[in-house]
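[1] Mind looking at a prediction? Sequence and model below.
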Amino acid sequence: MRLRPTFRDPRRLSIVAGLVCLATTAALSGQSAASQDQSRPSFRTEANYVRVDVYATTRDGVAVGDLRRDEFQLLEDRVPQAIDQFSSVVIRTGGPETARPDPRTLEDNRQAVTDARARVFVLFLDSLHVDGSASKTIARPLMDALRRVIGPDDLIAIVTPHTSIRTLTFTRRLATVEDVVSREWGLRDSITPLDATEQRYADCYPGLPQRDERVARDLGIAQEMILRRREEQTFEALESLVTYLRDVREERKAVIAVSNGWRVFRPNQSLTRQPRIEPPTGPLVVVDPRTGTFSKDPALAGDRTSACDGERFRLAGLDNNKRFRELFDRANRANVSFYPVDPRGVVVFDDDIVPVAGVGQNPTIKPNEDDSRRRERHDSLLMLAEATDGAAVVETSNFAPALRRMTNDLSSYYLLGYYSTGKLDGRFHAITVRVTRPGVQLRARRGYLAATRGTEAVSAVPAIDAGAAAHAQALTAALASLGAASREPSLYVQTAVGSSAGGARAVWAVVEVPRTALIGEWAKGGDVDVLLVDGVGNTAGSGRASLPPGAASARVTIAPRSLTPGTYELRIRSKSAATSRASNDSARVPVSDADTSGALFFRRGPTTGNQEVPTADVRFRRNETLRVLTPSAAAATPAAARLLDRAGKALAIPVALSTVNESDGSQWLAAQTSLAPLGPGDYLIEISSTSGGSDRRMLVAFRVVP
């Protein structure tokens, strides 16, 4: 039996923009267990040893915690396997918050997540597809459910579509989660565009009749572009999250996704119709004031429509149906289960008479179309849950019983381990778990990706295994940072941490306004003020930079009196010369025990007048040269640099590596390569160096766009 969510209240047309930053601070979890074979089973870690966590319930969703080892049957690719280890785990919830210490360093965080007996949860708040009123309605029942399901050893993180996965951290403290969940974080019903890109769509296609028109030719175009882009942003965030969780640990990971659901957009050729009375024109050719040369750059030409038309055609061909189903496969291979929650309650209408993201005179929605959209969203949540062995909380006004079924499903489980008889072939191997007791339903991982003999773990050399695992994790983390690459924020930011003169640690930042902003308010330049704030709100340092007319980016140096390990916030206040209004942005700066971290990007190409300029936008074109600077220790010696594809395979494209000493006393390793041989896609630059007899490798991800 599935229950559904409440008839939603009148929509509050308000937006809490600050939540996007709050959601990147992570959240909660905990657990304890009683073992059937031993109190804490120690699983062996050979390459052919596989661990499986199994969740057993009755058909009514009640957890079954008294199964015996001899009642389980385990098969790999339909071949029976001998169960080597067996443990029954029951979650103990409650207890004081002080008994739930959080990981204090990045290494502590990694170790805590890899503990087989500490469950990992992610609370995905789909702010782009949840109304503000619904986000307030779901807060209390959601927190009640989390208190029942989270144990003292469990870990949880909060993610939104705007969260950078590379900054993802976990916590055991439910108070941290409640602080975020209790706010009005839903943005779907905002009456104003959520960012500069949505505003540009609205400016390009206002949806208002021209001349003798009764109905505007561009009626509804901006609205659908906005909705398609929002769904694309959400799916990108889910893909990045699953990729990250895949490499965190083998055991099951639970993602509680709070969302109204998705329409799962397919290609729509009507979006490519001619939206204006005037015939389309080709790109405008103008003189670049910085170089005195001709350029077709729409940003320099002030040609908003050309850039919008290109984005319109791209979004018209969007096929999220295929992408959504591929997400199921990724989640199953990563042993990630989704538990979607529709916060609206029992809904009769999916949208208001005038739809969300309205621009100009948008068309009203007919009842049959609205009902179709409501069913599409409902079905997408059910499909996500059923395809990943989760459970959906949809179409119920009484959240408590529905969420209790989810908590029962996760309140106890069994840890099974076996030595696989399958081959180490690098392929996906299906796992089937059965139980002989009647009336018991099981949820377990559907399979695993086998190692290859070249990467098989050897117990005699654990350091090699640890290094390979660390490299794989670094590869995943670097690529996950590209999850937000296709979104256009109000300001791009990149940071690096290292040592300047006298060995004092410093933070360097590159801030960049989108090129479309150079047409309007930033055409005459402006100023940027930066504050570095520690975890308790104290200012650790500050910096300031000016953007001259025509410049999109600036580099800022912050030299704090002291910089201890922890997570800092970079608060940025930007003000263009053309307006008195200031904008506020922020970025997280993790500072670890390591001497250096992060990287700065530089580009050179036609849009820069063949001059090298700093950039915080990690999207590049084939006609550009990319240069990456990463801080290095004073005694570091450059070893090598190479270009990798997204799978980590080295490409036969040269990368020049050198040492750069700057006037502030800092030392950098610089890797430079031409992007001409590359096709569109994601890539990495690996920079290797040695210092004090130890090796260091740095992975920096970037994207090549058409």
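    Yep, that arrived.
[2] May I see the domains of this structure written out as residue ranges?
    As assigned by automatic domain parsing, the chain contains the domains 19-35+89-192+221-266+322-411, 270-316, 468-486+599-706, 489-594.
[3] now these in CSV, with distance to Arg200?
    C-beta coordinates here come from the backbone N, C-alpha and C atoms, glycine included. Shown next, in CSV, are the domains of the chain (distance: least, C-beta to C-beta, whole Å):
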stretch, distance to Arg200
domain 19-35+89-192+221-266+322-411, 9
domain 270-316, 6
domain 468-486+599-706, 14
domain 489-594, 6
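[4] just checking, Arg627 touches Ala670?
    Yes - counting by C-beta atoms under 8 Å, Arg627 touches Ala670, with 6.1 Å between them.
[5] all helices of the protein, in order?
    All helices of the chain, identified by DSSP state H, fall at 19-22, 106-114, 132-137, 139-149, 174-181, 196-204, 221-248, 298-301, 304-316, 320-333, 367-387, 399-409, 462-480.
[6] lowest confidence element among the helices and strands of the protein?
    Using mean pLDDT, DSSP states H and E, helix 19-22 stands out as the lowest-scoring helix or strand of the chain, at a mean of 34.
[7] Name the residue most distant from the centre of the chain?
    Of all residues in the chain, Asp212 has its C-alpha farthest from the mean position, at 46.5 Å, by C-alpha atoms, centre = their mean.
[8] ok, that residue to Asp218 distance?
    To Asp218, Asp212 is 16 Å away according to C-beta to C-beta, to the nearest Å.
[9] Quick check, Pro548 in contact with Ala523.
    No - the pair Pro548 / Ala523 is not scored as a contact, 11.2 Å apart, by C-beta under 8 Å.
[10] neighbour-wise, which of these two wins?
    Taking neighbours as other C-beta atoms under 10 Å, Pro548 and Ala523 compare with Ala523 leading, 16 against 11.
[11] Can you pull the phi/psi pair for that one?
    phi -60, psi -30 (degrees, to the nearest 10).
[12] Which residues lie in contact with it in this structure?
    Ala523 sits next to 549-550, 578 when contact means C-beta atoms under 8 Å, 6 or more residues apart in numbering.
[13] Buried only: go through these for me.
    Taking 16 or more other C-beta atoms under 10 Å as the criterion, what is buried in these is Gly550.
[14] any idea how far the residue nearest to Pro631 when sequence neighbours are not counted is from Thr615?
    Spatial nearest neighbour of Pro631, excluding adjacent residues (C-beta to C-beta, 6 or more residues apart in numbering): Gly498 at 2.5 Å. Here Gly498 is placed at a distance of 19 Å from Thr615 (C-beta to C-beta).
[15] if we can go back for a sec, so which of the domains of the chain gets nearest Asp425?
    Checking the domains of the chain against Asp425 by C-beta to C-beta gives domain 19-35+89-192+221-266+322-411 as the closest, at 14.9 Å.
[16] chain center to that closest one: distance?
    Distance of domain 19-35+89-192+221-266+322-411 from the chain centroid (C-alpha atoms, centre = their mean, to the nearest Å) equals 12 Å.
[17] burial of the nearest residue to Thr114 once chain neighbours are set aside, as a residue count?
    Closest residue in space to Thr114, ignoring its immediate chain neighbours: Arg249 at 5.2 Å, by C-beta to C-beta, 6+ apart. By other C-beta under 10 Å, 19 other residues sit near Arg249.
[18] Do I have it right that Arg249 meets Ala112?
    No - Arg249 is beyond contact range of Ala112, at 10.3 Å (criterion: C-beta under 8 Å).
[19] so where's the stretch 401-550 of the chain shaky on pLDDT?
    The model of the stretch 401-550 of the chain has pLDDT under 70 over residues 402, 405-406, 408-411, 451-473, 483-488, 519.
[20] again, 90 this time
    Along the stretch 401-550 of the chain, the parts satisfying pLDDT under 90 run over 401-430, 441-493, 498-506, 512-528, 531-541, 544-550.
[21] for the stretch 1-150 of the chain, same thing?
    1-65, 84-120, 141, 144-150.
[22] all strands of it, in order?
    Per DSSP state E, counting those that start in this stretch, the stretch 1-150 of the chain carries strands over the ranges 49-58, 72-76, 79-81, 83-90, 120-125.
[23] Please identify the most buried of those strands.
    Ranked by mean neighbour count, the strands of the stretch 1-150 of the chain are led by strand 120-125 with a mean of 25 (mean count of other C-beta atoms under 10 Å).
[24] so what strands line up beside it?
    Each strand paired with strand 120-125, and its direction, by DSSP bridges: strand 155-159 (parallel), strand 253-258 (parallel).
[25] Go through those strands and pick out the most buried.
    Comparing these by mean count of other C-beta under 10 Å gives strand 155-159 as most buried, with a mean of 27.
[26] Could I get the average pLDDT for that strand?
    The pLDDT scores in strand 155-159 average 91.
[27] could I have it exported to CSV, CA atoms only?
    Extracted in CSV, the C-alpha atoms of strand 155-159 (Å, rounded to 0.1, in the frame of the first residue of the first chain):
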residue,chain,number,x,y,z
LEU,A,155,26.5,9.6,8.7
ILE,A,156,24.4,12.0,6.6
ALA,A,157,25.0,14.8,4.2
ILE,A,158,22.6,17.4,2.7
VAL,A,159,22.8,18.0,-1.0
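[28] What count of nearby residues applies to Ser583?
    17.
[29] for it, which residues make a bridge with it?
    Ser574.
[30] Now for it: which residues touch it?
    490-491, 573-575 are the contacts of Ser583 under C-beta under 8 Å, 6+ apart.
[31] Now list the buried members of the residues you listed.
    Restricting those to buried positions leaves 490-491, 574-575, with burial counted as 16+ other C-beta under 10 Å.
[32] now Pro161: how far from Arg119?
    Per C-beta to C-beta, Pro161 is found 24 Å from Arg119.
[33] pretty sure Gln667 contacts Pro638?
    No - using C-beta under 8 Å, Gln667 makes no contact with Pro638, being 10.4 Å away.
[34] who wins for proximity to Thr137 among the strands paired with strand 120-125?
    If you check each of those against Thr137 by C-beta to C-beta, strand 253-258 wins as the nearest, at 10.8 Å.
[35] Counting neighbours, what do you get for the residue nearest to Ser632 when sequence neighbours are not counted?
    Leaving aside its chain neighbours, Ser632 sits nearest to Leu669 (4.8 Å; criterion: C-beta to C-beta, 6+ apart). Neighbourhood size, Leu669 [other C-beta under 10 Å]: 25.
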